[in-house]
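J.: just to be clear, the model below is a prediction. Sequence and coordinates:
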Protein chains: 4
Amino acid sequence: MFQLTVEPRFNDTDALGHISNTAFPVWFEQARTPVFAIFHPALTMDDWPLILARLEVDFKAQTYWSKPVEIQTWIGHLGTASCQLVQEAWQAGKLVARAVSVLVYFDYKAERSRPIPDSIREQLSAHFQHENQ
Amino acid sequence: MFQLTVEPRFNDTDALGHISNTAFPVWFEQARTPVFAIFHPALTMDDWPLILARLEVDFKAQTYWSKPVEIQTWIGHLGTASCQLVQEAWQAGKLVARAVSVLVYFDYKAERSRPIPDSIREQLSAHFQHENQ
Amino acid sequence: MFQLTVEPRFNDTDALGHISNTAFPVWFEQARTPVFAIFHPALTMDDWPLILARLEVDFKAQTYWSKPVEIQTWIGHLGTASCQLVQEAWQAGKLVARAVSVLVYFDYKAERSRPIPDSIREQLSAHFQHENQ
Amino acid sequence: MFQLTVEPRFNDTDALGHISNTAFPVWFEQARTPVFAIFHPALTMDDWPLILARLEVDFKAQTYWSKPVEIQTWIGHLGTASCQLVQEAWQAGKLVARAVSVLVYFDYKAERSRPIPDSIREQLSAHFQHENQ
């Protein structure tokens, strides 16, 4: 499991007085950084090897500014060329959102997916959700 | 069907050179405005009657700055207290993303859902996806 | 003068119920696109020739979602390697913000400024503020 | 002096490969939180007593994702009804941006400014720039 503490920014709120639903994809993306680093330790942009294929977010409770949010990230499933992640966001002891995303190991030049190498699969496996919850 | 033309902002891009995946929830939210207006014609904030319960986005193709994006919005399904929307984003004749969202008719003071009145159901029904595609 | 109509996005609001001050730099940047196009007609990223050196915004009135904002952009002053822009944002007949920015003609590879060529200076001159207001 | 460490989010980048200039107003706003808390310890939205009147940002160096940014905030000047703040953003030992902003002590219901009370002036005075640099 990977963990990130997000400080909600005032700019993450909207006119309904709470955190905008649109902030969550931003936070969940940021919390995927350690997964990006397994695929691409340099984290450089010109040879970035991942593309987001799908994102689902379930909004469970209203979330507010000025209290930290803890985000937990697990590997849910590993396919040949893709990696499913499961993420939870917690604020003040309450599950506020849950996300499932699919990252594809991607060759931007060829514009196609490629198989995830064994060395990467091995590192990702240490963070499987079903073995850790 | 409702239609919105979005001009991607430079700020919607990210360091990979294309539109950030995080821009799509923002665009899809903005494109739901005519649906918000059926539920709440005044569009005022202090008695806003909707909350987003779920959002799914499938990213179909890379999207770029400086070309308009057309967003189409249909009602996918109407529940007792909730409304499922189906949305598509097109750029240069290509489907770039597809979203399914669930809006709940919500009483923020009582913090609970409430049944969607018949007058609203009727207006929403004019935009059902299966009757229009 | 260049003109852009911005549709404020719900996501541009903040918890105070109005448009966030942080949305204005985003809108003003987008409204500078025709100036970018004079410097760099292709608008491609890998050889982008401009960098923002300075931005000032005066916030004149509260701004709200669901009403369009008109942004006007003039060239305020032309230096050897830089270009000062003056921009105004109007909503419902009211000046809501005014910005002054400085763009530098910049070589990202050499990481230094370069003189603005005469052909570009000429095109920019057609949009001087003092000759048009 | 107040200090905030910002973790740049992937979403703060733009297609030029670096941090978007539009991220800085967001970061600087977030870094003003301890000043907001002096004016309004509850940090609640419905009786928020401040409005931003002006923001200037000088961009000093390119800024990148995946390295923390330190933001320092001082009181630059105290007027009758307004407070000028000076802020610096540093990344990897380099000054990357400097901001000057003006906050007005504001009654949103009456839509006008009001004098800053002595008790608040006193707390703010402990953070004057000229006495601390």
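T.: Yep, it's here.
J.: chain A against chain D: which residues are in contact?
T.: Within reach of chain D by Cβ under 8 Å from any Cβ of the partner chain, chain A has these residues: A:7, A:9-11, A:17, A:26-27, A:29-30, A:33, A:43, A:45-46, A:65-66. Placement of C-beta: from N, CA and C, glycine included.
J.: restrict those residues to those near chain C?
T.: Among the residues of chain A next to chain D, chain C is touched by A:10-11, A:17, A:65 when using Cβ under 8 Å from any Cβ.
J.: how far off centre is the host helix or strand of residue A:90?
T.: For residue A:90, the enclosing helix or strand under DSSP states H and E is strand A:82-91. Using Cα atoms, centre = their mean, to the nearest Å, the mean C-alpha position of strand A:82-91 is found 5 Å from that of the whole chain.
J.: hang on, the earlier thing: for the ones next to chain C among the residues of chain A next to chain D, work out which two are farthest apart.
T.: Spanning the widest gap among those are A:11 and A:17, at 14.1 Å by Cβ to Cβ.
J.: the two: which is more packed in?
T.: Ranked by neighbour count (other Cβ atoms under 10 Å in any protein chain shown), residue A:11 and residue A:17 place residue A:11 first, with 23 against 20.
J.: contacting residues for that one?
T.: For residue A:11, the contact set (Cβ atoms under 8 Å, 6 or more residues apart in numbering or on different chains) comprises C:14, C:20, C:22, D:26, D:29-30.
J.: among those, which are in helices?
T.: Residues of the contacts of residue A:11 located in helices (DSSP state H): D:26, D:29-30.
J.: model confidence over stretch A:17-33, on average?
T.: Averaged over stretch A:17-33, pLDDT sits at 98.
J.: what about that stretch, near chain B?
T.: Yes - Stretch A:17-33 lies within reach of chain B by Cβ under 8 Å from any Cβ, at A:17, A:21-22, A:25-26, A:29.
J.: for the closest residue to residue A:66 other than its chain neighbours, give me its contacts.
T.: The shortest distance from residue A:66 to any non-neighbouring residue, by Cβ to Cβ, 6 or more residues apart in numbering or on different chains, is to residue D:43 (5.2 Å). With contact set as Cβ under 8 Å, 6+ apart, residue D:43 has these partners: A:65-66, D:33, D:36-37.
J.: just the buried ones from the residues of chain A next to chain D?
T.: For those, a burial check counting by 16 or more other Cβ atoms under 10 Å in any protein chain shown picks out A:7, A:9-11, A:17, A:26-27, A:29-30, A:33, A:45, A:65.
J.: so for the strand ranked longest in chain A, what gets flagged as buried?
T.: In chain A, with assignment by DSSP state E, the single longest strand is strand A:94-107. Neighbour-count burial for strand A:94-107 flags A:96-106 (criterion: 16+ other Cβ under 10 Å).
J.: which among these gets closest to residue D:126?
T.: residue A:96 (35.5 Å).
J.: how about the contacts made by that closest one?
T.: Going by Cβ under 8 Å, 6+ apart, residue A:96 touches A:59-63, A:69, A:89-90.
J.: circling back to that earlier point, narrow the residues of chain A next to chain D to those in helices?
T.: Within those, residues falling in helices by DSSP H are A:26-27, A:29-30, A:33.
J.: which residue is nearest the middle of chain A?
T.: By Cα atoms, centre = their mean, chain A has its centre lying nearest to residue A:32, at 3.7 Å.
J.: returning to that earlier point: which of the contacts of residue A:96 has the largest number of neighbours?
T.: If you count neighbours using other Cβ under 10 Å, the busiest of the contacts of residue A:96 is residue A:89, which has 27 neighbours.
J.: surely that one touches residue A:70?
T.: Yes - Residue A:89 lies in contact with residue A:70 (Cβ atoms under 8 Å); the separation is 7.2 Å.
J.: quick one: mean pLDDT over stretch A:88-96.
T.: The average pLDDT within stretch A:88-96 is 98.
J.: now stretch A:99-114
T.: 96.
J.: and it with chain C, contact?
T.: No - shown here: stretch A:99-114 not in contact with chain C (Cβ under 8 Å from any Cβ), separated by at least 13.1 Å.
J.: if residue A:3 is in a bridge, with which residues?
T.: residue A:72 (DSSP bridges).
J.: for chain D, see how far away it is.
T.: Residue A:3 sits 13 Å away from chain D, going by Cβ to the nearest Cβ, to the nearest Å.
J.: could you redo the contacts of residue A:11 as JSON lines and give each row distance to chain A?
T.: Listed next are these as JSON lines, based on distance: Cβ to the nearest Cβ, whole Å:
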{"residue": "C:14", "distance to chain A": "5"}
{"residue": "C:20", "distance to chain A": "6"}
{"residue": "C:22", "distance to chain A": "5"}
{"residue": "D:26", "distance to chain A": "4"}
{"residue": "D:29", "distance to chain A": "5"}
{"residue": "D:30", "distance to chain A": "5"}
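J.: nearest to residue D:110 among these?
T.: Proximity of the contacts of residue A:11 to residue D:110 (Cβ to Cβ) peaks at residue C:14, which lies at 20.8 Å.
J.: enumerate every residue touching the closest one.
T.: Residue C:14 neighbours (Cβ under 8 Å, 6+ apart): A:10-11, A:13-15, C:20, C:22.
J.: can we see that at 7 Å?
T.: By Cβ atoms under 7 Å, 6 or more residues apart in numbering or on different chains, the residues touching residue C:14 are A:10-11, A:13-14, C:20.
J.: one more: residue A:52?
T.: Applying Cβ under 7 Å, 6+ apart, the residues near residue A:52 are A:101, A:103, B:21, B:59.
J.: residue A:98 too?
T.: Contact analysis of residue A:98 by Cβ under 7 Å, 6+ apart lists A:58, A:60, A:88.
J.: and chain A, which residues reach chain B?
T.: Taking Cβ under 7 Å from any Cβ of the partner chain as the contact definition, chain A meets chain B at A:15-16, A:21-22, A:25-26, A:29, A:45, A:48, A:52-59.
J.: could you rerun that using 6 Å?
T.: A:15-16, A:21-22, A:25-26, A:45, A:48, A:52-59 (Cβ under 6 Å from any Cβ of the partner chain).
J.: now that we have those, which one has the most neighbours?
T.: Neighbour tally across the residues of chain A next to chain B (other Cβ under 10 Å): the maximum, 27 neighbours, falls on residue A:55.
J.: surely it is within a strand?
T.: Yes - per DSSP: H, G, I helix; E, B strand; the rest coil, residue A:55 lies within a strand segment.
J.: now do the same for it: its pLDDT.
T.: Looking at residue A:55, its pLDDT reads 98.
J.: could you look up the SS state of residue A:120?
T.: Note that with three-state DSSP, the state of residue A:120 is helix.
J.: just list the residues touching it, thanks.
T.: Applying Cβ atoms under 6 Å, 6 or more residues apart in numbering or on different chains to residue A:120 gives the contacts residue A:39.
J.: that one and chain D: what is the separation?
T.: As defined by Cβ to the nearest Cβ, residue A:120 lies at a distance of 19 Å from chain D.
J.: wait, residue A:65 sits on residue A:7?
T.: No - contact criterion Cβ atoms under 6 Å: residue A:65 and residue A:7 do not qualify, at 9.3 Å.
J.: and residue A:76, how far from chain B?
T.: Separation of residue A:76 from chain B (Cβ to the nearest Cβ) stands at 15 Å.
J.: what does residue A:63 give?
T.: Where chain B is concerned, residue A:63 sits at a distance of 12 Å (Cβ to the nearest Cβ).
J.: that residue is in contact with residue A:91, isn't it?
T.: Yes - counting by Cβ under 6 Å, residue A:91 is a contact partner of residue A:63 at 5.3 Å.
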